[in-house]
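Student: Okay, structure incoming, though there's no sequence with it:
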């Protein structure tokens, strides 16, 4: 009985580590998409306005991020009507949180811009991973828990 519990805990830890690794891969892909789109559109020969190029880069990276996490990181079936609104809520909330952190860090606490940016760069993905795994795409984790409970019966 105890070995079975230890085995389940190891499996759960392994699954979390694999998911975290996949989350990182998708995050890098989304970041590279943002960088590529923003750079290609914002520089000659296209050379559109930098703010517009940034907005289009964010938009493109948002889709890479959503579909990457949906299909690869969390491997959930369809149900975009369920997952996409949740993903957008988490993303918007994190945008507001990071904006508030930047404003507080720079304007209230007078911290160095690079320090605040680095803190946001560290904490944004961690909070995103927690929220997306515990809420946005939570169905997968619940299914795994239920299936491991029924296999012991």
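Tutor: Ah, there it is. As the structure is a prediction and not an experimental result, all values here were calculated from the model.

Student: And the average pLDDT for the one helix or strand residue 15 maps to is what?
Tutor: Using DSSP states H and E, residue 15 sits in helix 2-42. The pLDDT scores in helix 2-42 average 91.

Student: Any idea how far it is from the middle of the chain?
Tutor: Averaging C-alpha positions (Cα atoms, centre = their mean, to the nearest Å) puts helix 2-42 9 Å from its chain's average.

Student: Stretch 67-87 now?
Tutor: Counting by Cα atoms, centre = their mean, stretch 67-87 comes out at 11 Å from the chain centroid.

Student: Start and end of that stretch, how far apart?
Tutor: 10 Å (Cα to Cα, to the nearest Å).

Student: Going forward, count from 52.
Tutor: Let's use 52 as the start, then, which means that last one is stretch 118-138.

Student: Okay, buried residues for it please.
Tutor: 119, 120, 121, 124, 125, 127, 134, 138 (16 or more other Cβ atoms under 10 Å). In short, each C-beta sits where N, CA and C put it, glycine included.
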